[in-house]
Each structure stands twice: as C-alpha cells, then as structure tokens.
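>>> The amino acid sequence is not available; the structure is as follows:
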C-alpha cells in the first residue's frame, strides 16, 4: 500500500524510526512498515463504522480525508514549482501564473470542504487538519534532534540493476 511505502521511505530517510525502513531480506518488501500500517488500515474504518450512522458515511469520510492529502500534496507542488524554477533561473510568466492560479483553486477547495457542514466532509477536513498539525509538530520535534533533517528528505536513492546494467530488463524472458 501507499501508506507502508511512505512509512518505509520515511524510515529510510530518518524521519521515522529506522526499523520502518528495513526491507525483508528475501522478498525486499517493506515488511516492518506493512506490519505497522495494516492494523491502522483495518482498525480506523472499523472504529469509524461504530461511530458513524452508516457505512456510506464511513466511505465518504475516509475518501474525503484521503482526497485532502492529494489536494494538499498538489497544492505544495503548485507552490514549489515556481520557486524551484526561479532557483534554477528558468521561471517564466506561464508557470508562475499557472502555479499560483492552481494553488488558489486548491485553497478554495479546502476552504469549501471545511465549510460544508451539511455533509461528513467537514469532519474529514477537521480530522485531516488535526493529523496534519500532529505530523508537523512531530517533524519539528524531530528536527530539533536532527537539524539537517529537512535537507535530507527526498534524497534517498537505492541502486537497482537498471542503474548498473544499461540493457537489463527484468521482464524479458531469457532462453
């Protein structure tokens, strides 16, 4: 799942405990991260089902929380792209306008979701906001212990056969 792969990557980069970044010696799967993620993946919807009025509300609520994650990630990309292009000297008017206009649209969607009190989406917005604040607080605490943590995020890379052998194709049948 995406959650286990995210936990795995964050463990490899030092954002989370190192154990989460361990791969199974034989299958090379993120088995520790999967062991942490799977109970959450099962328990959260089951607990929500006991609190919600219907399974439909659970589905809408969980989809809304995940949609918030995608929207915020997209918002951050829209804001980071012009900044990155400026840093490398490639910023032009079109990427700036498109990035800022799209970011404004994403912010409007988030505000609309927060104000949609008539549906379970506003609860998802509150839950997502609380989880985001909790994650940010945990990052800031961790950053005090590891000052260069922010600079290390996203730079982990692991060599694969294709990096070493230019003609390597794992899907090719060899006879």
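Sure thing, it's come through. In this text, all values refer to a predicted model and were calculated from it rather than measured experimentally. Residues are numbered from 1 along each chain as shown.
>>> can you pull the contacts of residue 154?
residue 13 (CB atoms under 8 Å, 6 or more residues apart in numbering). Just so you know, the C-beta spots here come from the backbone N, C-alpha and C atoms, and that holds for glycine as well.
>>> helix, strand or coil for it?
Of the three states, residue 154 takes coil according to DSSP: H, G, I helix; E, B strand; the rest coil.
>>> Tell me the spacing between it and residue 123.
As judged by CB to CB, to the nearest Å, residue 154 and residue 123 stand 31 Å apart.
>>> what do you get for residue 114?
Distance from residue 114 to residue 123, counting by CB to CB: 10 Å.
>>> what does residue 130 give?
Residue 130 sits at a distance of 11 Å from residue 123 (criterion: CB to CB).
>>> who has more neighbours, these two?
Comparing residue 130 with residue 123 by other CB atoms under 10 Å, the one with more neighbours is residue 123, at 19 against 10.
>>> can you give me how far stretch 53-67 is from the chain middle?
19 Å (CA atoms, centre = their mean, to the nearest Å).
>>> Retrieve the pLDDT associated with residue 164.
We have a pLDDT of 61 for residue 164.
>>> so which strand or helix has residue 107?
Using DSSP states H and E, residue 107 sits in helix 93-115.
>>> Sort out which residues of that helix are buried, please.
95, 99, 102, 103, 106, 110, 113, 114 (16 or more other CB atoms under 10 Å).
>>> How about stretch 75-83?
Neighbour counts over stretch 75-83 (16+ other CB under 10 Å) mark 75, 78, 81, 82 as buried.
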